[in-house]
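**Student:** no sequence for this one, just the structure:
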C-alpha cells in the first residue's frame with residue numbers, strides 16, 4: 001500500500017484518556033524521520049490548537065499547533081476563500097482565539113456568517129434567537145460540527161447538532177458542516193497536507209466518521225483497534241476499511 005501523506009485522529013488513536021497509546025510517540029518520530037506530510041485531525045470545537053498542544057505535550061508528544069487541523073481551522077480556511085466575511089460566533093471554551101488570531105473579530109451587526117460550535121452552557125434562548133435573526137437577515141450558517149451528543153465527565157451531554165438543526169429548521173437554510181466526516185473538512189485538510197486524496201491515508205478509531213468519511217473522499221482508511229473501536233460495530237458497518245491495525249504504532253509496517 002503506497003502511503004505518501006497522513007491524516008491522524010487524536011483521541012482514541014494517539015492517546016486514550018490521558019495516556020498515549022503504546023508506541024505512539026515513537027511512531028510519530030518515524031513519520032517525521034521519513035518526511036511524510038501529515039496533519040492531526042480532531043473534531044473538537046471547544047479547544048484551540050494551543051490548548052490541544054499543551055495536553056499532547058503533557059503526554060510526551062512533540063506537536064506544534066500548525067500540525068493540528070480542527071473544524072475551526074477548516075472554517076477559517078473556508079471563510080478566507082469566501083472573501084473573509086463578517087462572522088458571529090456561538091461557541092465556548094477558547095476556540096474563539098483561533099478566529100481572533102486569524103483576524104476575525106466576532107461581530108453583532110451586519111453578520112454574514114453565523115459560526116456554531118458546541119457552545120455548552122453558552123447556548124441560551126437569547127443567543128439562539130440572536131443567531132436566528134442574523135440568519136433570517138441573510139447570514140449563512142457554518143456548523144463546526146453536527147454531533148448529537150457526547151460523553152461529558154458527568155454523563156451524556158447535548159452537542160452542537162441539535163442547536164444547528166434548530167436553526168436550520170427555523171430558517172429553512174441548510175448549514176455548511178465542518179469537521180469529520182464532512183467532505184469540506186477533508187478537502188481542506190488535504191490542502192493543508194499538500195497531496196491529492198488518493199495518496200493520503202486517514203488513521204482513525206471511528207469506522208463511520210474517520211474511515212467512512214475518508215474513503216468517500218478518495219483516501220485510504222486505516223482503522224485502529226484502540227479508542228472507541230468495537231468489533232461488533234465494525235462488523236455491522238457498511239464501511240470496509242482499507243486496513244485494520246492494532247495500534248497507531250502498527251502503522252510502521254505499512255510505510
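**Tutor:** Structure's in. What do you need? Small disclaimer: the values here were computed from a predicted structure and weren't measured.
**Student:** all contacts plus neighbour counts: C-alpha atoms, from now on.
**Tutor:** OK.
**Student:** Run a quick neighbour tally on residue 13.
**Tutor:** By the measure other CA atoms under 10 Å, the count of residues near residue 13 is 26.
**Student:** ah, wrong one, I meant residue 79
**Tutor:** Residues near residue 79, counting by other CA under 10 Å: 17.
**Student:** My read is that it contacts residue 73, right?
**Tutor:** No: no contact is recorded between residue 79 and residue 73 when judged using CA atoms under 8 Å, the distance being 9.8 Å.
**Student:** ok, and what's touching the helix or strand bottoming out on mean pLDDT in the chain?
**Tutor:** Among the helical and strand segments of the chain, the one scoring lowest on mean pLDDT, DSSP states H and E is strand 149-152, with a mean of 74. When contacts are defined by CA atoms under 8 Å, 6 or more residues apart in numbering, strand 149-152 is touched by residues 156-161.
**Student:** before we move on, what SS does residue 128 have?
**Tutor:** helix (DSSP: H, G, I helix; E, B strand; the rest coil).
**Student:** contacting residues for the most centrally placed residue in the chain?
**Tutor:** Nearest to the centroid of the C-alpha atoms of the chain, with distances taken as CA atoms, centre = their mean, sits residue 43, at 2.7 Å. By CA under 8 Å, 6+ apart, the contact list for residue 43 reads 70-71, 145, 179-180.
**Student:** from those residues, which two are the most distant?
**Tutor:** Of all pairs drawn from the contacts of residue 43, the one with the largest separation by CA to CA is 70 and 145; the distance is 10.0 Å.
**Student:** what is in contact with these two at once?
**Tutor:** Contacts common to residue 70 and residue 145, judged by CA under 8 Å, 6+ apart, are 43, 45, 179.
**Student:** Looking at those, which is nearest residue 24?
**Tutor:** Using CA to CA, residue 43 is the member of those that sits closest to residue 24, with 19.9 Å.
**Student:** Return the backbone torsion pair for the closest one.
**Tutor:** Backbone torsions of residue 43, given as degrees, to the nearest 10, read phi -90, psi 10.
**Student:** pLDDT score for it?
**Tutor:** Residue 43 carries a pLDDT score of 89 in this model.
**Student:** Distance-wise, check it relative to residue 238.
**Tutor:** Residue 43 sits at a distance of 22 Å from residue 238 (criterion: CA to CA, to the nearest Å).
**Student:** now for the helix or strand containing residue 141, which elements pack on it?
**Tutor:** The secondary structure element spanning residue 141 is strand 140-143 (assigned by DSSP states H and E). Contacting strand 140-143 under the criterion 3 or more CA pairs under 8 Å, 6 or more residues apart in numbering; DSSP states H and E are the following elements: strand 113-116, strand 176-177.
**Student:** mind putting those in JSON lines, mean pLDDT included?
**Tutor:** Converted to JSON lines, the helices and strands packed on strand 140-143 look like this (pLDDT from 0 to 100):
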{"stretch": "strand 113-116", "mean pLDDT": "97"}
{"stretch": "strand 176-177", "mean pLDDT": "94"}
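**Student:** got any ranges where the stretch 151-255 of the chain has weak pLDDT?
**Tutor:** Scanning the stretch 151-255 of the chain for pLDDT under 70 picks out 151.
**Student:** Can you show me the strands along it?
**Tutor:** Per DSSP state E, counting those that start in this stretch, the stretch 151-255 of the chain carries strands over the ranges 155-158, 176-177, 200-204, 220-224, 243-245.
**Student:** how much space between residue 116 and residue 165?
**Tutor:** 11 Å.
**Student:** If you count surrounding residues, which of these two has more?
**Tutor:** When residue 116 and residue 165 are compared for neighbours, residue 116 comes out ahead with 29 against 18, by other CA under 10 Å.
**Student:** And the more buried one, how far from residue 76?
**Tutor:** Counting by CA to CA, the gap between residue 116 and residue 76 amounts to 13 Å.
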